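Asks: need a structure here:
(2 chains)
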Amino acid sequence: MNYLTKRSLLFSLPVLLITGQVSNAAESDAKWSAKQLSEKELLAAARQIDIRVKKIYDKKNAEQPADASDSVFLRRSFLLAVGRIPTVEEARVYLESDDPNKRVLLVRYLMNSKGYQSHMSNWLVDMLRVQENFQRRYSAAPYMDWVRQAVADNMPFDVLTRELLSAEGMLWENGAVGYYIRDKGMPLDNLSNTMRLFLGTRMECAQCHDDPFNDWERMDFFRLAAFTNGQGEMNRHVFDPIWNKIRQENERGTPTYNLYDFIGNNIYYATLAGPGNGRIKLPNDYQYNDGDPGEMIAAKTPKDHSFAKGLKMSDRKDAEDGRKNFAEWVTNSQNDRYVTTITNRMWKRIVGTGLYEPVDEYIEPREHTSPELTRYLNKLMQELNYDLRAFQQILMLTRVYAFASSEHELMPGEKPIFDGRKIDRMSAEQYWDSLVTLVAGNPDKLPTRGKSKYVKSGKAKLDMKTVQSEIMAITDPQEFKRYADKLFDRVQSGETIGPKAKSMEKMEKDMSMEMMSKTNNGGALKGIARASELRSPAPNGHVLQMFGQSDRLLLDSAIKEANTTQVLSMMNGAVEKLVVANRDAHIYELSEGSVKDRIRALFYGILSRAPSESEMQLMETEVEERERKGYRNIVSALVNSREFIFVP
Amino acid sequence: MKSDLNKTDELTRRQFMANAAKTYLGVGLSPMLGASLAGKAMAQTGSKSQAAEAVIFLNMSGGMSHIDTFDVKPGNKEIQGPVNAIGTSADGIQISQYLPKTAAVMDKICVIRSMSNQNGDHFRGQYMLHRNYAPRATITHPTVGAWVMKVKGRKNTEIPGFVTVGTGAGHASPGFFGVKYGGVPLGRPDEGLKDSTIAGSVSVEDFDRRLKLADALNKEFHSKHNNTEALAYDELYDEAVRLMKSEDLKAFDIRDEPKSEREAYGEHAFGQGCMLARRLVEHGVRYVEVGLGGWDTHYDNFTAVEARCNVLDQAYANLLIDLEAKGLLDTTIVALSTEFGRTPQIQGDRKNGRGHHPRAYSSLLAGGGIKGGMV
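Replies: Take a look at the predicted model:
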């Protein structure tokens, strides 16, 4: 970047901060009406929260903690809202501005930036355990794309929940069906996850036996499972007879075999039929008196006042709307568990300590520190129509969010009073995206993964939406055979199969994601993109994996545990290669001016604050003694400091 | 709705486990083996009463077909398929024809054919195998290696005591014991310990300067935040620096091994991993896990198992021979296991594949005073 653009960026940032930038509200053709709140309304809601938090302190006759410094507020806000540290320029503009309203402006800037989408999609991709491929390595791209689009559109969370739980049809037309396809063959585990994720209710024990710690019985679990029972693939009967024949007549690996294998696994596998039977057979090892093994039982929601009004289906015949009913019940406005769970997840995300923890073990609001606070937050969530962005934005405008960090560790049974965030190691994604920021500046400008429309078979590229809808329209095996024969010829000739062939370049771009993720061969700048744009999960040996990115197999499996390989990587590995020894790294770009200026720029860019006097002296000495190498030593030391990897 | 029973927090749980570990000292090795079985094998060690000081665990991930390896069913064609049983150096023990080299050292090995669990799912099976508990969402249990670290501690304090090679990072997890007890996961045996030397562009002087500068910043930071997780990193930095300077770092570098040795183990990741494991044990590492995947033979079982066995056979047999030659076998337990077995039924429609079969599988023990040549 040359000097000129740097200057103009410096000038443009304040403008950005002041005007805000509503990035995508206008582009979206979403089917829900998002209520766009004014700044005044957002602030009013934040004040309502402040009042209720203050009451917690008043009741204890205690003073509220002091506010965090500007630099803490800055760093915290960047890391929580957009998942990375601020760049040198962003830090400078903010820290040197004397606008009394700058915190509000900063929050608005962040929540409306692309970075928010990236960071939020990491969260949702974790929650939904979205991997690049389904089991057996077939593309899950449309599911990933759907989830990312939902975040970009700021899809209300209740709409998102319903779309996922009740989706049906072809993956390449409606990526939401990926929610069930992801767990194909494990519908009961899928249900356990649904209950845990959306309703903060742990029922996995009841999958096999009555839960001794909770009230859930195995019968409750199966009655719930009945809603979603009967999932299958579309038109499999058209394909199977021919596939069985092909499989016997052709060796694995031959072109014919490969094509049918492809169709089976990328086309048929990627469909979801069965709207939810509303009834299910008890398993063969059912052990209690209230039902017999193999007995057909009807769907019924568990009875508890924290759930919405009960719902029951028929055990006589299969229904056409089991999943739809289930989805409506889960998201019903009377379902206290639903609203409380998502409210608490967002509260913990921003404030640091949950209204109760763990977030997936629901506790009734009347047991919370301040039932009044929880009820207000729940009501706010519903009034916002589950707009998670607006909700988080409001939380970031509260006082409790801005408290200085505390080291208060809760004792067992102690209720939280929200006295400041406890410092917390960056997540793998926050850490990686922060390194990327040091290398490349604002990473919102870096390449993104784009949508994947094509899948390769041999030399041919198939536009999957077209091919899948064509094949699914076929209901006669003979007709299918004719279609497949024709497809075979086209695949053999290496054609691009789709509505209209796009330019190769554009197509390569669509498919480039796979290549981008391979970071270990190639220069330091290869694979420099945000975590959300890389392979999910990142490959073995990647910094993301080293720092505990979720394997996206199990819910909540991301870890923040320290280990030796991380430390070696910070001292001698990725940090050294990508940042410290990389002369083109963004962090070195502002290396003009006096020694003091340059040191200050490094502190702004790495720790989001100015150096203290003693730090400045120390660093000046370093530069004096080691000259050019001194700057590198400073960068390495700052990135290796505890301050760098802990969110304040 | 919520019982007080599950309100116990991390801290108390950790304390509880620490006490338990002290009370039941020696429990470290048994979770994976099943206490009673391990006890039985230990009891029959005869005169050799030397205690084991190290463990090499060979993890056959994916579900190794017990029927086609160590639990052959000769005479039952329908179950056995095309695999023949062969005699071994241990009287009365037959194993698969795919494992001729192992057959020759069978007198050192104790086969446990009665392994069983309830999980037909790879992740849950592996979790159980490593931690002896079913996965829970609220707590991560320590792996066997972490137990060994907790109970026995390091033998060589300069290098890590627990290393995994070519197996998921999760298998190095300390669980709720905390970072001190975790393993160091190595991706490939020939890469050594990644990033364990100062980058070429940095002089020793600058390296030390960087540490000093960071220390100054950290002091200030810790004085503001008394945070255990942040302090844990300090510990690891100290350790990493010690490690970088350690003479024993060469334990990780298999390039020092002569070519003949490398060939004897087999020129594949698993063979080289086993050789690395031996090197590490020689240098005082307590617990090494080496992974060999690809046992998930739903499809074309016999071809795939034969190919896996070729790799396993050479490396495993040579590891036992090598350890014995170096006088390490008596003090090193070599354990081999998988997360579950595979079905006796052969699925014709999957080109003779076998499905998951958690109800029966085989594990092997050798060395460490364990009596070989028995089932």
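Asks: Can you tell me the SS state at the one residue in the stretch 51-200 of chain A that gets nearest to chain B?
Replies: The minimum distance from the stretch 51-200 of chain A to chain B, using Cβ to the nearest Cβ, falls at residue A:196 (7.3 Å). C-betas here are computed from N, CA, C, even on glycine. Three-state call for residue A:196 (DSSP: H, G, I helix; E, B strand; the rest coil): helix.
Asks: distance of it from residue B:55?
Replies: Residue A:196 sits 36 Å away from residue B:55, going by Cβ to Cβ, to the nearest Å.
Asks: Looking at these two, which one has more neighbours?
Replies: More crowded of residue A:196 and residue B:55, by other Cβ atoms under 10 Å in any protein chain shown: residue B:55, with 26 against 23.
Asks: did I read that right, that one in a helix?
Replies: No. Counting by three-state DSSP, residue B:55 is not found in a helix; it is strand.
Asks: who does it bridge with?
Replies: Note on residue B:55: beta-bridge partners residue B:287, residue B:333, judged by DSSP bridges.
Asks: Which residue ranges of the stretch 251-375 of chain B form strands?
Replies: B:287-292, B:332-338, B:341-342, B:356-357, B:361-367 (DSSP state E, counting those that start in this stretch).
Asks: Pick out the shakiest of the ones you listed, pLDDT-wise.
Replies: Of all those, the minimum mean pLDDT falls on strand B:356-357 (a mean of 86).
Asks: what about that strand and chain A, touching?
Replies: No. Applying Cβ under 8 Å from any Cβ of the partner chain, one finds strand B:356-357 separated from chain A by no less than 11.5 Å.
Asks: Kindly report the domain assignment for chain B.
Replies: Annotated domains of chain B cover B:31-192+B:285-367, B:195-252 [automatic domain parsing].
Asks: got the ones you listed as TSV, with distance to residue A:120 columns?
Replies: Shown next, in TSV, are these (distance: least, Cβ to Cβ, whole Å):
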stretch	distance to residue A:120
domain B:31-192+B:285-367	22
domain B:195-252	25
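Asks: now, of the ones you listed, which is deepest in the fold?
Replies: domain B:31-192+B:285-367 (a mean of 20; mean count of other Cβ atoms under 10 Å in any protein chain shown).
Asks: Helix or strand for residue A:216, just tell me which one.
Replies: Under DSSP states H and E, no helix or strand contains residue A:216.
Asks: Among the domains of chain B, which comes closest to residue A:641?
Replies: domain B:195-252 (4.3 Å; Cβ to Cβ).
Asks: now that closest one: mean pLDDT?
Replies: On average, the pLDDT along domain B:195-252 is 92.
Asks: Leaving out sequence neighbours, find the closest residue to residue B:186.
Replies: In space, and not counting its chain neighbours, residue B:186 is closest to residue B:165: 4.9 Å by Cβ to Cβ, 6 or more residues apart in numbering or on different chains.
Asks: Now for the one you found: which residues touch it?
Replies: Shown in contact with residue B:165 (Cβ atoms under 8 Å, 6 or more residues apart in numbering or on different chains): B:186, B:188, B:189, B:273, B:276, B:277, B:288, B:289, B:290, B:291.
Asks: for it, which residues make a bridge with it?
Replies: residue B:186, residue B:290.
Asks: That one and residue A:543: what is the separation?
Replies: 20 Å.
Asks: Count the neighbours of the residue in the stretch 451-600 of chain A that chain B sits nearest to for me.
Replies: Going by Cβ to the nearest Cβ, chain B is nearest to residue A:573 of the stretch 451-600 of chain A, at 3.5 Å. Residue A:573 has 20 neighbouring residues, counting by other Cβ under 10 Å.
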